[in-house]
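Engineer: here you go, sequence then predicted model.
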Amino acid sequence: MWQLYMLASLFANAGENVLDKNVLLSVRSIDPDIASFYRPFLFSVMTAAVGFLGWFGPLGLFFHPAIFLLAPFAALLSILYTYLLRHVEVTSIGTAAYFTPFVFLFIDIGILHVHLSSLQIFGILCLVSGGIAFSIDSKTHRLKPELTRAVWTIFLFNILYGGAELYAFKYLNRAYGVNSPSFFTSLWLLASVCILIFVILRGKSRLLKGRSVRLFLPRTVLSKFFDGMYALLLGQAVILAAVSQVNAFEALFPLVLFAVTGTAQAILKMPLHEKLDRS
């Protein structure tokens with residue numbers, strides 16, 4: 001069952017990345033810090049709405065110390081994600097998905113003593129090996145030039161944060177029965193507050209409204225719906241399976257992202273400026 005949740009979450013995540021990239025390219029006047037604030041804020045609104053509907057359990061704000069600890073890092077993640085959208089092709093953003101299973105496989109087996117069969121471990125390694133091909137330039141057979149040290153540093157941070165978020169959710173779910181709408185709404189609402197404080201301290205509060213924001217917000221609502229569904233489906237999968245298994249399944253994300261991006265750019269004529277060719 002968790003595999004179905006993960007498959008659906010991958011398509012939701014791909015839709016979110018494509019729409020976020022399109023919005024940022026369409027509304028170039030939006031300040032990156034303002035974009036970094038509104039995205040998690042709208043995300044928390046979407047997960048709260050799903051909680052009100054009761055699709056993944058009832059909504060209840062839950063402010064555990066672990067959530068307060070994660071919130072500033074979640075805020076930083078949102079700011080770094082804006083940087084990636086501006087400087088990296090959307091199909092390359094999935095690169096971090098290739099390497100995370102190695103890290104979480106070690107944690108699950110070596111630290112948490114989660115039992116995984118030799119066949120499951122072999123499957124995880126195969127998924128990771130296949131996914132690495134998407135980070136290779138088809139002409140030079142080297143890593144894509146846009147994958148600079150700064151970008152790899154952001155990818156590393158994504159890996160560390162993503163693991164911390166999933167393990168925190170799994171712990172809070174088992175210890176307190178916290179469901180995915182309550183966890184993600186609480187966490188990203190606090191992250192939005194952190195970014196808002198950052199925006200105010202940088203003297204950009206006047207940019208929270210204006211023409212660029214009015215153009216940005218309606219186009220971002222749909223992407224954050226996909227983002228919210230991705231997180232909630234991922235949360236359901238984590239409840240049912242080990243974190244390393246869930247992350248291994250995410251090695252399929254580059255293929256899903258490539259397919260969704262190609263469809264959006266070639267068929268829907270969405271201007272994403274992705275270099276997609278037969279090779």
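Structural biologist: Right, received. Where do you want to start?
Engineer: SS state for Leu59?
Structural biologist: coil (DSSP: H, G, I helix; E, B strand; the rest coil).
Engineer: how near is it to Ser44?
Structural biologist: 11 Å (Cβ to Cβ, to the nearest Å). For glycine as for every other residue, the C-beta is placed from the backbone atoms N, C-alpha and C.
Engineer: same question, Leu76
Structural biologist: According to Cβ to Cβ, Leu76 and Ser44 sit 16 Å apart.
Engineer: more neighbours: those two, which one.
Structural biologist: Ser44 (21 against 18; other Cβ atoms under 10 Å).
Engineer: who are the packing partners of the helix or strand that contains the more buried one?
Structural biologist: For Ser44, the host element (DSSP states H and E) is helix 32-53. Using 3 or more Cβ pairs under 8 Å, 6 or more residues apart in numbering; DSSP states H and E, the elements in contact with helix 32-53 are helix 65-87, helix 180-201, helix 211-240.
Engineer: need the winner for burial among the ones you listed.
Structural biologist: Of the helices and strands packed on helix 32-53, the one with the most neighbours on average (mean count of other Cβ atoms under 10 Å) is helix 180-201, at a mean of 22.
Engineer: what's near enough to touch Leu234?
Structural biologist: With contact taken as Cβ atoms under 8 Å, 6 or more residues apart in numbering, Leu234 is in contact with Tyr5, Met6, Ser9, Leu166, Ser180, Val246.
Engineer: make a markdown table out of these and add distance to Gly228.
Structural biologist: Shown next, in a markdown table, are the contacts of Leu234 (distance: Cβ to Cβ, whole Å):
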| residue | distance to Gly228 |
| --- | --- |
| Tyr5 | 14 |
| Met6 | 16 |
| Ser9 | 11 |
| Leu166 | 16 |
| Ser180 | 10 |
| Val246 | 18 |
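Engineer: lowest pLDDT pick from the residues you listed?
Structural biologist: Among the contacts of Leu234, Val246 has the lowest pLDDT, at 78.
Engineer: phi, psi for it please.
Structural biologist: phi -60, psi -50 (degrees, to the nearest 10).
Engineer: so where is this protein shaky, pLDDT-wise?
Structural biologist: For the chain, applying pLDDT under 70 flags the ranges 89-116, 120, 124, 127-147, 251, 266-279.
Engineer: make it 90
Structural biologist: Filtered on pLDDT under 90, the chain yields the residue ranges 1-11, 13-29, 51-63, 80-164, 166-167, 210, 218-219, 222-223, 238-279.
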